[in-house]
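A.B. asks: next one to model:
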Amino acid sequence: MDEMFAGITCPALILKAGAQDGIRKQNEAIAASLLNGKSIHVQNAGHCVRRDQTAAVIRELENFLKTF
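C.D. replies: Numbers count the residues shown, from 1 in each chain. Have a look, this model is predicted:
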């Protein structure tokens, strides 16, 4: 799977709904394999994270963007 993401060199934020440990660890591993990646799991969100937890998504996006 690492080869699928190896070419990504821009900053990347992975926003996902809260997940079980196995899925969460997989997402974190993908983010860690990116040059500048970060993985965030948003609690109490379903399939559409931005709709289900809009305020949390905006907060996480703002925090991510402030690092640049």
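A.B. asks: contacting residues for the residue nearest to residue 37 when sequence neighbours are not counted?
C.D. replies: With sequence-adjacent residues excluded and distances taken as CB to CB, 6 or more residues apart in numbering, residue 37 is closest to residue 31, at 3.8 Å. C-betas here are computed from N, CA, C, even on glycine. Contacts for residue 31 (CB atoms under 8 Å, 6 or more residues apart in numbering) come out as 12, 14, 37, 38, 39.
A.B. asks: ok, now with 7 Å
C.D. replies: Shown in contact with residue 31 (CB atoms under 7 Å, 6 or more residues apart in numbering): 14, 37, 38, 39.
A.B. asks: with pLDDT added, can I get those in CSV?
C.D. replies: Below are these laid out as CSV (pLDDT from 0 to 100):
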residue, pLDDT
14, 91
37, 91
38, 93
39, 92
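A.B. asks: got a quick PyMOL command for the buried subset of these?
C.D. replies: Filtering those down to the buried ones (16 or more other CB atoms under 10 Å) takes a single PyMOL command:
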select buried, resi 37+38+39
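A.B. asks: which one of the contacts of residue 31 sits closest to residue 66?
C.D. replies: residue 38 (12.1 Å; CB to CB).
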